[in-house]
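Engineer: have a look at this prediction, sequence included:
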Amino acid sequence: MINLISNNIQNGTLYSENKELYSLIILRPGGKNTVRIIDEILVKPRNANQLARILNLDYKTVKYHLNIICSHRYIIKEKFGCNYSYFPSEKLYKNLEKYMIIKEHLE
């Protein structure tokens, strides 16, 4: 797997195959927190307060990342009562394999 990642990075296919996802995770300074949030949402849909507590992050930081991830349509938010919960989108599921490869490159 690591050789596959190295090869993809060296010949540019990791970037060229999914520029948007690569940019969201690798090219942004907050990419590690973005990955942590996406991973947590993949396990179970959650609201911003739950994510902040679980990940030990500031609420505003979590909201910032959630807004960016939502704007790229990798997660969706749905209102339940007076709270929003965040769910993985079909776009994320379709790109899950690429997400995992990009995520491993970040680590």
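Structural biologist: Okay, I see it. Numbers count the residues shown, from 1 in each chain.
Engineer: without its sequence neighbours, what residue ends up closest to Lys32?
Structural biologist: Distances taken as Cβ to Cβ, 6 or more residues apart in numbering place Leu106 nearest to Lys32, at 6.4 Å, with adjacent residues excluded. To be clear about C-beta, it is placed using only N, CA and C from the backbone, and glycine gets the same treatment.
Engineer: Tyr84 now?
Structural biologist: That would be Lys77: by Cβ to Cβ, 6+ apart, it lies 4.5 Å from Tyr84.
Engineer: for that neighbour, give me its contacts.
Structural biologist: Residues near Lys77 by Cβ atoms under 8 Å, 6 or more residues apart in numbering: Leu66, Cys70, Tyr84, Ser85, Tyr86, Phe87.
Engineer: run the last query once more with 6 Å
Structural biologist: Cys70, Tyr84, Tyr86 (Cβ atoms under 6 Å, 6 or more residues apart in numbering).
Engineer: the last one against Ile41, yeah?
Structural biologist: Yes - counting by Cβ atoms under 6 Å, Ile41 is a contact partner of Tyr86 at 5.3 Å.
Engineer: on the pLDDT front, check the residue nearest to Lys32 for me.
Structural biologist: With respect to pLDDT, Leu106 has a value of 77.
Engineer: any idea how far the residue sitting furthest away from the middle of the chain lies from Asn18?
Structural biologist: What lies farthest from the middle of the chain is Gly81; by Cα atoms, centre = their mean that is 25.2 Å. According to Cβ to Cβ, to the nearest Å, Gly81 stands 35 Å off from Asn18.
Engineer: and stretch 63-77, which residues are buried?
Structural biologist: Neighbour counts over stretch 63-77 (16 or more other Cβ atoms under 10 Å) mark Lys63, His65, Leu66, Ile68, Ile69, Tyr74, Ile75, Ile76, Lys77 as buried.
Engineer: how far away is the fourth one from Glu90?
Structural biologist: Shown here: Ile68 relative to Glu90, a distance of 19 Å by Cβ to Cβ.
Engineer: for Lys63, phi and psi?
Structural biologist: phi -60, psi -40 (degrees, to the nearest 10).
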